[in-house]
Every structure is written in structure tokens, then in C-alpha cells.
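Asker: fold the following for me, if possible:
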Amino acid sequence: MKAFLNIVQNNMRQYSMTCALLFIMLLFQLLTDGILLQPLNITNIILQNSYILILAIGMVMIIITGHIDLSVGSVAAFIGALSAILMIELNVHPVLAVLICLIAGALVGAWQGFWVAYVQIPAFIVTLAGMLIFRGITLIMLEGQSIASYPPTFQQLSSGFLPDLFNGESIHLFSMFLGVVLTAVLIAIQIKGRKKQLHHDLPVVTPAWFTVKLVAIAAVILVFTFVLASYRGIPNILILLVALIAFYAFVTKKTVFGRHIYAVGGNEKAAALSGIKTKRVTFAVFVNMGILAALSGLIFAARLNAATPRAGNLFELDAIAAAFIGGASAYGGVGTIIGAVVGGLVMGVMNNGMSILGLGIDWQQAIKGLVLLAAVAFDVVNKRRG
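Answerer: Predicted structure coming up:
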């Protein structure tokens, strides 16, 4: 029990926000008379928040290094405009157009990363300038008008669903199959991780608690996939999201580069003295943020089936809020990919639930602001206690 309490205490922020997400879902499920967790609405929540979750993954890495990026919404809009010109006006093949857009996003990230990492201009100023620059370029490219419609193959990126290879009638059997496979993989990873911790004499929960954890993981995944399978199955964008979350969680937790990100955010001078190329790490996370902002812009454009001058408006605030609500520290050096995704889902579920209840955008913004303030205050208080 002592080991269990130590593990919970060390991961209090992540566990508390996961519990908060579950509580918010149950609360709005009751307030909306069961509408929130209906298969159609769950699918809508995924589609509506996918681009914010992608931005949150990149943003939490920026925040861990002790920086911020205010330009991601404008970059997403810029890439959306570029994709529309390529695919709609110039008839470039969607695959080639997407590749060009991702490269453009990387170049934008490199541009901003250069000023932050090598010229030592504060990221707040650099990305604030970037927000203005790329919003202005977007308006110039689109000439103040929306451009539509995208090729159907590109639209499938954001609005398509996996085909049912098993030809289920009332339920999407292939989605259920993928849910079972994912459950088995995650349980195997948990068991392997526990064995590794025991081998190195690290604290672990008791077998009973570990079993409860495995059962909870299996139940959540299987119920979730069953809900999706009851509608149209797993959206294409969800597969992309899961792949990104798995990849970046691995990079931040299991690689040397991931450890360097935390070291730079924890104490940049100490990291430099220990041999870490801090400027290169900072530059790399901004390039990565540019690529993810480009991907977010593509997904948003595909969902709207148009590139618009106001695309990406306030995306940066939602991404920053998701990272902080999910456990990132305002002081840098702390944060997780999973936590940022949980924070994004907290915001997404709240937005969806409040919209169903008919709350105006004014109340929604005020409540989201209070949630963000509470999350950062929680971090500051814990920092002082530590």
C-alpha cells in the first residue's frame, strides 16, 4: 500500500486530471440526459478536437523546454491556405501537396527555432511576431476569401472511417477487433514494465492493485471501441492520433533526445555544462512544433472542406491550455504527452457538453479560463510545497 501511495503521489497531477476528465464526462452525461456519451457525439468529440490534440502534443514539448509558441494557430491557417492553393487551384496530387505542406511547416518551425535557440530572442516575442506574420501571409494568399472544395481523398483524412473488413451488420466488427488487439498490446507493455521495475528493485503497486489497473485499462478501451463500433467505427483521424501519441510518448520517455528535452527545461545552464547541446534541442522542438502545426492545419482544412482566412483562430490558446491543464509546469521541465492529451480532452468535453446545454460562447470562454487558472495555480502551489 505504501508503494501504491508513493506512485500516486509522484503522479498526482496526471491521475488527478484523468479523474477530473472522468468526473466531467459523467457530470455532462447526466446534465445532457445521456446525449454526451452517445456514439454519434463521441465520434464528433474526436473529430472536433483532433487538431487541438495534435497541437497540444507539440506544445507540451515546447513548454517542457521552458518556452511557448503563440503562432501555431496562424501557422495552421497558413498551411491550410497553402494546401488549398496546391490542391484546388493548381490540381497538385493530395499526397504530394500534404508532403509539401509538412515541409513548409518544418521550415516555419526552423525559422522561429533559429531566432529562439541561436539568437536568444525570447520565444514569446518570436512567436508573437510569427502569429502576426503568418496570419498576414494567409490573408494575402487567400485575398480575404475562402477556397473550396478539396478532393474527396483529402477529405478522408479528417472525416473518413476505417472500412469494416469483417462486414458487420449492426456493429463495426473490425473496430472491435482493433480494440481487442490494442488492449492486448497495452496489457503486455504494462506487464513488461512491471517486471522491469521489479528487476531494478523499484517501487511497484501490489499484484491486486496491478490487476485492478489492467482490468480498468481493458474496460476503458473495449467500451470505447464498442461505442465507436456502434456508429460508423473508428475514424481515420483517431488512428493518426493514437500513432502520434504512442510515438511522442516513446520519444519523450525512452530516448536520449527526450531526456535532453526535460534537462533543458529543468535547468538549461546545468544541461549545457553536462554536455547537452541545448540550442540544438530547442531548435528541434520548434521544428517539430512547425510540422505538427502544419498537420493540424491540414486536418482542420479537410474537416471544413475549405481554407478560410480565420482558420486557426485561438488554436494556440487551446493548445497551451491543454498542456497546462494536463500537468505541464509553467516553470518548464515537467509535463507528459498523455497529460497534454488528457488536458485537451478535458477542454473538448467541456466545450461539447456546454454547447449541448446551450451555454453561450461567453460563458464557455469564462469557464475555460477559470479551469486554466486553477490548473496553473495547482502547479504553483505544489512547486512551493516541494
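Asker: measure Gly136 to Ser71 for me?
Answerer: 12 Å (C-beta to C-beta, to the nearest Å). Using the backbone N, CA and C atoms, a C-beta is placed for each residue, glycine as well.
Asker: settle it for me: which of the two has more neighbours?
Answerer: Between Gly136 and Ser71, counted using other C-beta atoms under 10 Å, the more crowded position is Ser71 (30 against 12).
Asker: the more buried one touches Met131, doesn't it?
Answerer: Yes. Contact between Ser71 and Met131 holds when scored by C-beta atoms under 8 Å: they sit 4.4 Å apart.
Asker: what is in contact with these two at once?
Answerer: Counting by C-beta atoms under 8 Å, 6 or more residues apart in numbering, the residues touching both Ser71 and Met131 are Glu316.
Asker: run through the helices of the stretch 151-300 of the chain in chain order.
Answerer: 152-159, 173-199, 207-229, 236-254, 256-266, 268-273, 278-304 (DSSP state H, counting those that start in this stretch).
Asker: report how many residues lie close to Asn288.
Answerer: Counted with other C-beta under 10 Å, residues neighbouring Asn288 total 21.
Asker: show me the contacts for it.
Answerer: Asn288 touches Gly58, Met61, Gly109, counting by C-beta under 8 Å, 6+ apart.
Asker: which one of these sits closest to Ala216?
Answerer: Nearest to Ala216, judged by C-beta to C-beta, of these is Met61 at 27.8 Å.
Asker: and the gap between Asn352 and Gln364?
Answerer: In terms of C-beta to C-beta, Asn352 sits 10 Å off from Gln364.
Asker: who has more neighbours out of the two?
Answerer: Remark: of Asn352 and Gln364, Asn352 carries more neighbours, 21 against 16, as counted by other C-beta under 10 Å.
Asker: that one reaches Asn44, doesn't it?
Answerer: Yes. The criterion here is C-beta under 8 Å, and Asn352 meets it with Asn44 at 7.2 Å.
Asker: now the phi/psi pair for Gly333, please.
Answerer: phi 80, psi -10 (degrees, to the nearest 10).
Asker: would you confirm that it contacts Glu268?
Answerer: No. With contact defined as C-beta under 8 Å, Gly333 does not count as touching Glu268 (9.6 Å).
Asker: can you give me the neighbour number for Gly34?
Answerer: 10.
Asker: confirm that it sits in a strand.
Answerer: No. Read with DSSP: H, G, I helix; E, B strand; the rest coil, Gly34 is coil and lies in no strand.
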